[in-house]
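Trainee: Sequence and predicted structure below; questions after.
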Amino acid sequence: MAKATFGAGCFWGVEEAFRRVPGVLETAVGYEGGAVENPTYRDVCSDRTGHAEVVEVEFDPAIVSYQQLLDMFFQLHDPTQLNRQGPDFGRQYRSVIFTHGDEQAAAAQATIERLVKEGRFHRPIVTQVTPATTFWRAEEYHQKYVQKTGRGACHI
C-alpha cells in the first residue's frame with residue numbers, strides 16, 4: 001500500500017474521482033500545508049491558516065501507479081489557476097501535490113515538465129510540489145460527500 005496527497009480545489013469532487021479508480025483502497029479529505037493544528041473547515045475557509053483542501057489517497061501500486069494518479073490529478077482541475085478553481089478562490093483551493101518521498105517528488109516534477117513541454121496548458125502551471133506535512137482529516141460530513149449526498153461534484 002502507498003499514499004498520495006493532492007490538492008485540486010474543492011475536495012468533494014476530487015475525492016469522488018479518485019475513489020472510483022481501481023487500485024485505490026481508501027480516500028479521505030482533509031487539510032494540509034498550514035500553520036494551525038487541528039484546523040476546522042471554518043478555519044481553513046477563512047484563508048488564514050495556510051492549509052489546502054486535499055485528498056489523501058491510499059492505493060495499491062501493483063494495480064494503479066503513482067504516475068497514473070498524477071495524470072488523473074492534472075485532468076481533474078486547472079493547474080494554471082493560482083489559488084482558485086472555478087468560482088472557489090483562496091489559498092485553500094490551490095493546486096498542490098504533497099509528496100511522500102523523493103520518488104514521488106521526482107515523478108511530480110517530471111510530470112509538470114512533460115506537460116509544459118507538450119504545451120498541454122496555455123498558461124503556466126502553478127501547481128506546488130512540496131513534501132507532505134501533517135494531514136488533518138476533515139470533519140466526518142465531508143468524507144465521501146458526493147457519495148453520501150448524491151450531489152454533483154464541484155471539480156472541473
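Mentor: Perfect, I can see it now. As the structure is a prediction and not an experimental result, all values here were calculated from the model.
Trainee: I figured A107 hits Y66, correct?
Mentor: Yes - at 5.8 Å, A107 counts as touching Y66 under the criterion of CB atoms under 8 Å. Bear in mind the C-beta positions are built from the backbone N, C-alpha and C, glycine included.
Trainee: which stretches of the chain have low pLDDT?
Mentor: Scanning the chain for pLDDT under 70 picks out 152-156.
Trainee: which residues in it form helices?
Mentor: For the chain, applying DSSP state H gives helices covering 11-19, 41-45, 66-76, 102-118, 145-149.
Trainee: Which of those helices sits closest to E56?
Mentor: Ranking the helices of the chain by proximity to E56 (CB to CB) places helix 11-19 first, at 9.1 Å.
Trainee: Dump that closest one to CSV, restricted to CA.
Mentor: Output of helix 11-19 as CSV, limited to C-alpha atoms (Å, rounded to 0.1, in the frame of the first residue of the first chain):
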residue,chain,number,x,y,z
PHE,A,11,-12.0,18.3,-2.2
TRP,A,12,-15.5,16.7,-2.6
GLY,A,13,-15.4,16.0,-6.3
VAL,A,14,-11.6,15.3,-6.3
GLU,A,15,-12.2,12.6,-3.7
GLU,A,16,-15.1,11.1,-5.6
ALA,A,17,-13.0,10.8,-8.8
PHE,A,18,-10.0,9.1,-7.0
ARG,A,19,-12.4,6.9,-5.0
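Trainee: which outside residues touch that helix?
Mentor: 6, 8, 24, 27-30, 53-55, 57, 69, 72, 76-77, 138, 142-147, 151-155 (CB atoms under 8 Å, 6 or more residues apart in numbering).
Trainee: 7 Å instead, please
Mentor: 6, 8, 24, 27, 29, 53-55, 57, 72, 76, 144-147, 153-155 (CB atoms under 7 Å, 6 or more residues apart in numbering).
Trainee: In PyMOL, select just the buried ones from those.
Mentor: Only the buried entries of those go into this PyMOL selection, using 16 or more other CB atoms under 10 Å:
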select buried, resi 6+8+24+27+29+53+54+55+57+72+76+144+145+146+154+155
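Trainee: If anything else comes up later, I'll come back, but that's it for now.
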